[in-house]
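> Turn this into a structure:
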Amino acid sequence: MSIAQGYFDDVIAKLAGVRDTQDEAIAQAAEICADTIQNDGLVFTFGTGHGGFAALEMFPRTGGVTGFRPIVESSIALMHHVLGDQGTAQYRFLHTREGYGNAILRSHQIKEGDSLILFSHSGINAVILDMAVEFRERGLKVIAVTSVPHSSQVESRHSSGKRLYEIADVVVDTGIPLEDASQFIDGLEFPVGPTSTSIAVAVGHAINASTSAALVARGETPMIMVNTNSNRTKLAHQQNDRNYAELWRRLRSREFSAPEVQ
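From the prediction side, this is the model:
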């Protein structure tokens, strides 16, 4: 068996594991998201580093429902330069510093009824936990997409002493092991083929789709993003423009509160 075949088999097995064990958690997450969207709120999504990829996929994305709002903090989301601006040195420093997550939330004008999905494989870093703690303190719902097998074996890097799965209202466990990379090559010390991103993105899409189903079950008509690279491009753009207008309406309804002066 080739490394590629082994990798695909492993991803398929891990997806099947999530499918077979996390359906109830995904349904609970979808009900929270549906509550938020039905009541004119926003479901914020966030992750640092590679966790940010899954957060970004939630909106705007073909088949996704309007009401999800990714937060992208470029200094801890983009580290592809490695050296120089937005490099790994800055990322390593910033995502472990408490208070940064709270500052990010203040810039997004969080209000009553909002909810938050945090994508974090380890669930131990300060920025993620800042956000989880603040949302819970405000009485708002937090959904975690994280690896309990990994997180339970490492210590929190937050003053709360807790890991994400210990704070969130709903935990969708990706089940990814501590190593993350899944394929071992004879003669090579470290494994290759990471799996956490693929599984997290799939979980995000499952929550998104399940949210639409929950809204329809309530008699609502969710506003869905449509693929514009098809034979109905004009119709798709018209639909998506309505979605963007709806997002703007939700953003415009928020009262501005200035960031705290330290």
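> switch to C-alpha atoms for all contacts and neighbour counts from now on
Fine.
> The helix or strand harbouring Gln5: what's the following helix or strand?
Element membership for Gln5 (DSSP states H and E) is helix 3-21. Using DSSP H and E, the helix or strand that follows helix 3-21 in sequence is helix 23-38.
> For the following helix or strand past that following helix, name the packing helices and strands.
The first helix or strand that comes after helix 23-38 along the chain, using DSSP H and E, is strand 43-46. Packing partners of strand 43-46 (3 or more C-alpha pairs under 8 Å, 6 or more residues apart in numbering; DSSP states H and E): helix 23-38, helix 51-56, strand 68-70, strand 115-120.
> weakest of the ones you listed by average pLDDT?
Lowest mean pLDDT of those: helix 51-56, a mean of 94.
> hey, C-alpha coordinates of that one in CSV?
In CSV, the C-alpha atoms belonging to helix 51-56 read as follows (Å, rounded to 0.1, in the frame of the first residue of the first chain):
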residue,chain,number,x,y,z
GLY,A,51,-7.7,25.9,12.8
GLY,A,52,-8.6,29.1,11.0
PHE,A,53,-9.1,27.2,7.8
ALA,A,54,-12.2,25.5,9.1
ALA,A,55,-13.5,28.7,10.6
LEU,A,56,-13.1,30.4,7.2
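> next one: that helix to chain centre, how far?
5 Å (C-alpha atoms, centre = their mean, to the nearest Å).
> before we move on, what about stretch 235-248?
23 Å.
> And that stretch, what's buried?
236-237, 239-240, 242-244, 246-247 (16 or more other C-alpha atoms under 10 Å).
> re the thing from before, now for the helices and strands packed on strand 43-46, which one comes closest to Glu155?
Between Glu155 and the helices and strands packed on strand 43-46, the tightest spacing by C-alpha to C-alpha is seen for strand 115-120, at 14.2 Å.
> Give me the angle between the helix or strand just after that closest one and strand 115-120.
Moving toward the C-terminus from strand 115-120, the next helix or strand (DSSP H and E) is helix 126-137. Put simply, helix 126-137 runs at 150 degrees to strand 115-120, going by axes from the mean of the first three to the mean of the last three C-alpha atoms, to 10 degrees.
> I figured His121 was touching Gly52, is that so?
No: in this structure, His121 is not within contact of Gly52 by C-alpha atoms under 8 Å, at 10.8 Å.
> okay, the two: which has more neighbours?
Neighbour totals were compared for His121 and Gly52, and His121 leads with 29 against 26 (other C-alpha atoms under 10 Å).
> Name all residues that make contact with the closest residue in space to Tyr244 that isn't next to it in sequence.
Excluding the flanking residues, the one nearest Tyr244 by C-alpha to C-alpha, 6 or more residues apart in numbering is Thr66, at 7.9 Å. Residues in contact with Thr66 (C-alpha atoms under 8 Å, 6 or more residues apart in numbering) are 59-60, 222-225, 243-244, 246-247.
> Quick check: beta-bridge partners of Thr66?
Phe68 (DSSP bridges).
> how long is stretch 176-195 end to end?
End-to-end distance of stretch 176-195 (C-alpha to C-alpha, to the nearest Å): 7 Å.
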